[in-house]
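Participant: coordinates for the following, if possible.
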Amino acid sequence: MAAFPQQTASDFVVRYWDESESIPKHVKLTQAFTRSIMEGYWSSGSRLPTEAQLVAATPCSLGTVQRALRDLASAGVITRRRGSGSVVADLNRPIEQPWHMRFHRRDDETKQTLPAYTHVIGRRMSQETGDWSAPLGQKDQDIIRIDRIFSINNDLRVYSTFYAIAERFPELADGDLEQLSGQNIKILIARHHQMPVHRIRQEIRFEIPPDHFTEHCDCVAGQLATVLNVIAYDLSGTPMYYQDFHMPPTNYLLDLGTTSLLG
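Facilitator: Sure thing, here's the model as predicted:
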């Protein structure tokens, strides 16, 4: 796979570099790449210009280019391998490979992620407040709530509640509810707003789930369930969504990922 010629890097900058935006250059470059990828300028599997080509085509230093590429790789928009450069990731990966519900068998040394399927069972907008309000910065805005069931390997059912500021993500409020089933909401948001999830904060708590949760998932009524809470942030640090996963006891292992302490 050959790298793009320098003129292609320059054409990318002409099309997507926004001189009017008064934001840090690494953020501007990250946004330019995200928008160009979502619009199909770079297709899945395409090799991006080299760091040297980007330095020559943009008003960015090498350190700024490297930081933007690291941010894109961290968000899953591109992959970076020594000797291979930066390659556009497949953003159409199925929900069978989610970020948060990555279960695998205890005895599986390969730690292969078990398939996960989703079904939406409810959606509503309101000005209701709750644990999500402070993290999302909710004031008098409507919140959109989407309730889903994650079926892991077709034998473990997890109840998910997703919250976001409705006016930020109108695409989640419109259209056929059934069309959200099986959707990777993280990718859906990225496609509409050209801004991927940059980082997440995860916490575990334990609580007795509401009775209507246990009617749909494998949590036991009146018994404590493990709740994985996820808050996702964009590149600017603005919270994008708040999500709870009510998980019943299981012999599966949940992979919470690896965090680097370097850089």
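
Participant: residue ranges for the helices of this structure, please.
Facilitator: Remark: helices assigned in the chain by DSSP state H are 6-16, 25-38, 51-57, 62-74, 133-136, 170-173, 185-193, 211-214.

Participant: just those helices: most buried one?
Facilitator: helix 25-38 (a mean of 21; mean count of other C-beta atoms under 10 Å). Using the backbone N, CA and C atoms, a C-beta is placed for each residue, glycine as well.

Participant: taking helix 6-16 as reference, get the angle to that one.
Facilitator: Between helix 25-38 and helix 6-16, the angle comes out at 100 degrees (axes from the mean of the first three to the mean of the last three C-alpha atoms, to 10 degrees).

Participant: show residues contacting helix 25-38.
Facilitator: 12-13, 15-18, 21, 23, 42, 48, 54, 58-60, 64-65, 67-68, 71-72, 77-78, 88, 91, 190-191, 194-196, 235-236 (C-beta atoms under 8 Å, 6 or more residues apart in numbering).

Participant: and the gap between I208 and E128?
Facilitator: 20 Å (C-beta to C-beta, to the nearest Å).

Participant: what does R157 give?
Facilitator: With C-beta to C-beta as the criterion, R157 and E128 are 25 Å apart.

Participant: comparing these two, which shows the higher neighbour count?
Facilitator: R157 (17 against 13; other C-beta atoms under 10 Å).

Participant: contacting residues for that one?
Facilitator: I149, F150, S151, H216, C217, D218, P248.

Participant: narrow these to those that are buried.
Facilitator: I149, F150, S151, H216, C217, D218, P248 (16 or more other C-beta atoms under 10 Å).

Participant: out of those, the closest to L228 would be?
Facilitator: Top of the list for closeness to L228, among those and by C-beta to C-beta, is F150 at 10.8 Å.

Participant: pLDDT wise, what is L29 at?
Facilitator: Looking at L29, its pLDDT reads 90.

Participant: same check, this time on A134
Facilitator: pLDDT at A134 comes out at 96.

Participant: and the residue lying closest to A164 once chain neighbours are set aside, what are its bridge partners?
Facilitator: Distances taken as C-beta to C-beta, 6 or more residues apart in numbering put Y241 closest to A164, at 4.4 Å, once the chain neighbours are dropped. Beta-bridge pairing for Y241 (DSSP bridges): A232.

Participant: show me what contacts Y241?
Facilitator: Contacts of Y241 (C-beta under 8 Å, 6+ apart): L136, F162, Y163, A164, I185, I189, I231, A232.

Participant: so the third one touches G137, yeah?
Facilitator: Pointing back at Y163 there. No: distance between Y163 and G137: 11.9 Å, which falls outside the contact criterion (C-beta atoms under 8 Å).

Participant: more neighbours, those two?
Facilitator: Y163 (22 against 10).

Participant: what does the pLDDT read for that one?
Facilitator: At Y163, pLDDT is 96.

Participant: re earlier: looking at the contacts of R157, which are in strands?
Facilitator: Counting by DSSP state E, the part of the contacts of R157 found in strands is I149, F150, S151.

Participant: compile those residues into TSV and extend it with columns for distance to F33 and pLDDT.
Facilitator: Formatted as TSV, these follow (distance: C-beta to C-beta, whole Å; pLDDT from 0 to 100):
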residue	distance to F33	pLDDT
I149	34	89
F150	30	89
S151	34	88
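
Participant: for these, give me JSON lines that also has distance to G257.
Facilitator: Output for these, formatted as JSON lines (distance: C-beta to C-beta, whole Å):
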{"residue": "I149", "distance to G257": "23"}
{"residue": "F150", "distance to G257": "17"}
{"residue": "S151", "distance to G257": "21"}
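
Participant: that older thread, nearest to H100, out of the buried ones among the contacts of R157: which one, please.
Facilitator: F150 (8.7 Å).

Participant: quick check: the gap between that closest one and M240.
Facilitator: In terms of C-beta to C-beta, F150 sits 19 Å off from M240.

Participant: distance of R148 from P239?
Facilitator: 20 Å.

Participant: now do W132
Facilitator: With C-beta to C-beta as the criterion, W132 and P239 are 9 Å apart.

Participant: ok, these two, which is more surrounded?
Facilitator: Neighbour count, other C-beta under 10 Å: between W132 and P239, W132 has more, with 23 against 19.
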